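Visitor: this one's structure only:
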Ligand SMILES: Nc1ncnc2c1ncn2[C@@H]1O[C@H](COP(=O)(O)OP(=O)(O)OP(=O)(O)O)[C@@H](O)[C@H]1O
Ligand SMILES: [Mg+2]
């Protein structure tokens, strides 16, 4: 099984995915590490990425997923996967989308407190505008990602039984 931890900036994708993969003993990939240097420069400058920036990135995330599946491995990967069309690029029978739900005020507070990261508060509203919530026909589930990470991770692991 491959878990794609998705949602807008600050929802905790990187934090939760890394600890979740450790708990499960699964592989972990940071989707943001697969962005091009040009896309990172764009985000640092406060400019949202457009589809032309995101498509090659999504295909790199999909390549990682396909590698895991080809080797029969399970893994956790972070990817905002904001639009259904983006998730279509990642969708496989083995993939479950885990949407980390967090209110805007909490997201803004987390982003404002964070240092050394290329995603600033200016891009949060653009991400919230872009977000298309996963539909009931999409394999996966939503977790409330407001509380402490340990509880969020427990919640995800307990969902996996029925995922
Ligand atoms: N459950 C949580 N409770 C409190 N703080 C959290 C929680 N999850 C993440 N954080 C903090 O919020 C900030 C954003 O988390 P993180 O970087 O994991 O989000 P992200 O979804 O990966 O964001 P981005 O899309 O910008 O990469 C970090 O400073 C992190 O320490
Ligand atoms: Mg991240």
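Guide: Noted; the coordinates are in hand. Worth saying up front: this structure is predicted, and the values here are computed from it rather than measured. Ligands and ions are numbered 1, 2, ... in the order given.
Visitor: Quick one: the helices in the protein, in order.
Guide: 13-24, 37-44, 51-70, 84-90, 104-113, 124-130, 149-160 (DSSP state H).
Visitor: which stretch among these comes nearest residue 137?
Guide: Minimum separation from residue 137 across the helices of the chain (Cβ to Cβ) falls at helix 84-90, 9.9 Å. C-beta coordinates here come from the backbone N, C-alpha and C atoms, glycine included.
Visitor: Quick check: buried residues in that closest one?
Guide: Of the residues in helix 84-90, 86-87, 89-90 count as buried by neighbour count, 16 or more other Cβ atoms under 10 Å.
Visitor: Deepest in the core, which of the helices of the chain is it.
Guide: helix 13-24 (a mean of 19; mean count of other Cβ atoms under 10 Å).
Visitor: and the chain, which residues reach ligand 1?
Guide: Residues of the chain lying near ligand 1 by Cβ under 6 Å from any ligand atom: 9-15, 32, 78, 80, 110, 114, 117, 119, 145, 148-149, 152.
Visitor: if we look at ligand 2, which of these are close to it?
Guide: Under the cut-off given by Cβ under 5 Å from the ion, ligand 2 has 13-14 from these close to it.
Visitor: and which of the buried residues of helix 84-90 is nearest to ligand 1?
Guide: Ranked by distance to ligand 1 (Cβ to the nearest ligand atom), those are led by residue 86 at 13.6 Å.
Visitor: Can you tell me the strand partners of the top strand by length along the chain and which way each runs?
Guide: Across the chain, the strand with the greatest residue count (assigned by DSSP state E) is strand 95-101. Take DSSP bridges as the rule and strand 95-101 pairs in its sheet with strand 2-6 (parallel), strand 140-144 (parallel).
Visitor: the inter-axis angle of it versus helix 13-24?
Guide: Counting by axes from the mean of the first three to the mean of the last three Cα atoms, to 10 degrees, strand 95-101 points 130 degrees away from the direction of helix 13-24.
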